[in-house]
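In: here's my sequence, what's the structure:
(chains A and B)
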2 protein chains.
Amino acid sequence: MQIDKLIRAIRELNNPSALGLDTRLQFVPKSFSRPYLEAKRSAEAVFAFNSALLSGLRDLIPCVKIQAAYYELMGLDGIACLSKTIHEAHRLDYVVIVDAKRGDIGATASAYSEAYLASGAPFPADFLTVNPYLGSDGILPFLSDCKKTGRGIFTLLKTSNPSSGEFQDLLASDGRPFYDHVADKIALWGEGLKGEEGYYSVGAVVGATYPKQGEALRARLPHTFFLLPGYGAQGAVAADLAGCFDAAGEGAIVAASRSLICAHQRAGTDDFVSAARDEALRMKGELNDAIRTKGI
Amino acid sequence: MQIDKLIRAIRELNNPSALGLDTRLQFVPKSFSRPYLEAKRSAEAVFAFNSALLSGLRDLIPCVKIQAAYYELMGLDGIACLSKTIHEAHRLDYVVIVDAKRGDIGATASAYSEAYLASGAPFPADFLTVNPYLGSDGILPFLSDCKKTGRGIFTLLKTSNPSSGEFQDLLASDGRPFYDHVADKIALWGEGLKGEEGYYSVGAVVGATYPKQGEALRARLPHTFFLLPGYGAQGAVAADLAGCFDAAGEGAIVAASRSLICAHQRAGTDDFVSAARDEALRMKGELNDAIRTKGI
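Out: So this is what the prediction gives:
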């Protein structure tokens, strides 16, 4: 099961970080993109940039999260770039999360599952992010493929953005916030999909920007692996997300995109791979320090 | 503004129906798809099928809803087919809804908007369906493009599927269901985007399968145009959705996919255009009867 592969890959590199490839053309140094732009192949500049980062960070980072939106905005060439990026990440044996936040009902959820999670999927993801707004029949079709292929999903739970509370934090008549009810279902959906390492193939997206909620959710969902966005560019620091890890310092992975893929801009260099490596090492150290000293 | 174009197009053809192109290869008659399959161009069979339906129904139906999932599952060729279908629908002057239920935060919502709603979008939609789970900062980036281009969104509100109540109907501490709180925001997001016909560019997806909730929402959201899925294959009949129309018999459009694009299978013929026309005429009559006799 891919949830076991993810946990073991993090353990092996001692790094609970995911490289977020939210790549925009303007993030790519001009010295690198120029030949592609001159040939009017801008999506290929993005792929070459992604590919260099994937090769250059493989000994440091176990997992990649590819944000579909940044490829869709480039049209057909962008989708080709998405596909090539997914396949290159698999070739390098990363655990591959496709962050597409898909969500639809019944037959249409099955269609999305065919696209990303089923055996023979054209955009094969180890994990796909999904949206729970439509309830169980928007989720179960994905799980039917996950059972067959060992792949998994991360369901939006408490998201990292400033307005995530507008709906997610609404108090229900039982006094619990709305996202708590989603958490109940996420735990239920995971049953029957538990891996050898004790976690379900049904994970949850929990914003690192909401540390108290993250800590409470960790306690309530002992078998749910967390994908934590919000670190770095969105403002969360390592201490904020220590509470999302379990007692063994596992059970979560921190996604960082701009802080890694734009590290060269802050460093004032075109050597984006070296700049990303420096930041990846700094991030790894900071995360491990925070996890180790949690509660001390 | 495209919301005005939609309302006027429905009025002109006296038909509040949208053709749902949720096209799977197995829906296409074998006699039609055979040459494409022999050339290993199955996505082109889907496009040719869509194209024949679009041409054949244009004098009857004003609007098309294209479900992204069915194209993503065919991979790159499928996305090319999606793109060609979108452009063919525009060429024939349909109002084009891309049903992709996208939803993400801030910068990523902007990226989706660039893909579908911005000027020069590679997959240009008059309307995009979006998911509200992330709150305002998952929606406002779309509206910033809608202001510039006149395009619009349909936000999921009370969906048509059996489990839509799991989260959407949860009672909040004020005694109102969760979807009612989403409705408040949908009305707020629409302000400043009102067209000449009195409706906002921010519409709502309301399942025809929940007639009472639809009627109550119609009363609460006088300027919000409704996209009504659930008719036909999902079980809703015309009487169920009459309450979603306004006093003038406007303010909503009914999406039907399988009942139209698979009409030939029920009719036992390969002439899918004629079968779809027969069903479109039947549906148009049934809807208009139900709207006209509402409340009598």
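In: residue contacts, residue A:63?
Out: Taking Cβ atoms under 8 Å, 6 or more residues apart in numbering or on different chains as the criterion, residue A:63 is in contact with A:6, A:9, A:10, A:17, A:18, A:19, A:94, A:95, A:96, A:97, A:253. All C-beta atoms are positioned from the backbone trio N, CA, C, and that covers glycine.
In: not counting sequence-adjacent ones, nearest residue to residue A:289?
Out: When the adjacent residues along the chain are set aside, residue A:289 lies closest to residue A:238, with 6.9 Å between them (Cβ to Cβ, 6 or more residues apart in numbering or on different chains).
In: quick check: that neighbour touching residue A:287?
Out: Yes. The pair residue A:238 / residue A:287 is scored as a contact, 5.2 Å apart, by Cβ atoms under 8 Å.
In: check which residues of the helix or strand of chain A with the lowest mean pLDDT are buried.
Out: For chain A, counting by mean pLDDT, DSSP states H and E, helix A:238-241 ranks last in confidence among helices and strands (a mean of 88). By neighbour count with 16 or more other Cβ atoms under 10 Å in any protein chain shown, helix A:238-241 contains the buried residues A:238, A:240, A:241.
In: helices along the stretch 101-250 of chain A, start to end?
Out: All helices of the stretch 101-250 of chain A, identified by DSSP state H, counting those that start in this stretch, fall at A:106-116, A:140-149, A:165-168, A:178-190, A:211-220, A:238-241.
In: SS state for the residue most central in space within chain A?
Out: For chain A, residue A:65 is the residue whose C-alpha lies nearest the centre (Cα atoms, centre = their mean; 4.4 Å). What DSSP: H, G, I helix; E, B strand; the rest coil gives for residue A:65 is strand.
In: one step back: of the buried residues of helix A:238-241, closest to residue B:191?
Out: Residue B:191 has its nearest neighbour among the buried residues of helix A:238-241 in residue A:240, at 34.9 Å by Cβ to Cβ.
In: ok, the closest one - contacts?
Out: Each residue near residue A:240 by Cβ under 8 Å, 6+ apart is listed here: A:208, A:209, A:211, A:214.
In: max pairwise distance over these: which two?
Out: Farthest pair in those, by Cβ to Cβ: A:209 and A:214, 8.9 Å.
In: more neighbours: which of the two?
Out: Using other Cβ atoms under 10 Å in any protein chain shown, the more surrounded residue of residue A:209 and residue A:214 is residue A:214, with 27 against 23.
In: list the contacts of that one.
Out: With contact taken as Cβ under 8 Å, 6+ apart, residue A:214 is in contact with A:158, A:206, A:207, A:208, A:226, A:228, A:240, A:241, A:243, A:244.
In: out of the contacts of residue A:63, which end up buried?
Out: Buried members of these, counted by 16+ other Cβ under 10 Å: A:6, A:9, A:10, A:17, A:18, A:19, A:94, A:95, A:96, A:97, A:253.
In: now tabulate these in TSV and tack on pLDDT.
Out: Shown next, in TSV, are those (pLDDT from 0 to 100):
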residue	pLDDT
A:6	98
A:9	98
A:10	98
A:17	98
A:18	98
A:19	98
A:94	98
A:95	98
A:96	98
A:97	98
A:253	98
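In: among those residues, which ones are in strands?
Out: Mapping the buried ones among the contacts of residue A:63 onto strands (DSSP state E) picks out A:17, A:18, A:19, A:95, A:96, A:97, A:253.
In: and those residues as a markdown table, adding distance to residue A:184?
Out: Formatted as a markdown table, these follow (distance: Cβ to Cβ, whole Å):
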| residue | distance to residue A:184 |
| --- | --- |
| A:17 | 29 |
| A:18 | 26 |
| A:19 | 32 |
| A:95 | 27 |
| A:96 | 29 |
| A:97 | 24 |
| A:253 | 23 |
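In: and the furthest pair within the residues you listed?
Out: It's A:17 and A:96 that sit farthest apart of those, by Cβ to Cβ, at 14.5 Å.
In: so which bits of the stretch 151-296 of chain A are right by chain B?
Out: By the rule Cβ under 8 Å from any Cβ of the partner chain, the part of the stretch 151-296 of chain A lying against chain B is A:156, A:159-168, A:170-173, A:175, A:178, A:181-182, A:185.
In: CA atoms only for stretch A:155-163 - export them in CSV, please.
Out: Output of stretch A:155-163 as CSV, limited to C-alpha atoms (Å, rounded to 0.1, in the frame of the first residue of the first chain):
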residue,chain,number,x,y,z
THR,A,155,-9.5,14.6,1.9
LEU,A,156,-9.7,18.3,2.7
LEU,A,157,-10.5,18.7,6.4
LYS,A,158,-9.3,21.9,8.0
THR,A,159,-7.5,23.9,5.2
SER,A,160,-4.6,26.3,5.6
ASN,A,161,-6.2,29.5,4.1
PRO,A,162,-7.4,32.5,6.2
SER,A,163,-11.1,32.0,5.3
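In: distance between that stretch and the chain's centre?
Out: Mean-position distance between stretch A:155-163 and its chain equals 13 Å (Cα atoms, centre = their mean, to the nearest Å).
In: and residue A:49, how many neighbours?
Out: Using other Cβ under 10 Å: residue A:49 sits among 25 other residues.
In: re earlier: please identify the most buried of the helices of the stretch 101-250 of chain A.
Out: Ranked by mean neighbour count, the helices of the stretch 101-250 of chain A are led by helix A:106-116 with a mean of 23 (mean count of other Cβ atoms under 10 Å in any protein chain shown).
In: so it, near chain B or not?
Out: Yes. Against chain B, helix A:106-116 shows contacts by Cβ under 8 Å from any Cβ at A:106, A:107, A:108, A:109, A:111, A:112, A:114, A:115, A:116.
In: and stretch A:119-139, which residues are buried?
Out: A:121-139.
In: please apply the same query to stretch A:276-293.
Out: Buried-residue list, stretch A:276-293, by 16+ other Cβ under 10 Å: A:276, A:277, A:278, A:279, A:280, A:283, A:284, A:286, A:287, A:288, A:290, A:291.
In: do you know how far the nearest residue to residue A:212 once chain neighbours are set aside is from residue A:216?
Out: The shortest distance from residue A:212 to any non-neighbouring residue, by Cβ to Cβ, 6+ apart, is to residue A:243 (7.8 Å). Residue A:243 sits 8 Å away from residue A:216, taking Cβ to Cβ, to the nearest Å as the criterion.
In: over to residue A:110?
Out: From residue A:110 across to residue A:216, the span is 34 Å (Cβ to Cβ).
In: what sits against residue A:253?
Out: Residues in contact with residue A:253 (Cβ under 8 Å, 6+ apart) are A:6, A:10, A:16, A:17, A:18, A:63, A:225, A:226, A:227, A:228.
In: wait, the first one sits on residue A:96?
Out: No. Residue A:6 sits out of contact with residue A:96 when judged by Cβ under 8 Å, with a separation of 10.0 Å.
In: what is in contact with those two at once?
Out: A:63, A:126, A:127.
In: for the closest residue to residue A:33 other than its chain neighbours, give me its contacts.
Out: Nearest in space to residue A:33, with sequence neighbours left out and distances taken as Cβ to Cβ, 6+ apart, is residue A:45 at 3.9 Å. By Cβ under 8 Å, 6+ apart, residue A:45 lies in contact with A:25, A:28, A:32, A:33, A:36, A:37.
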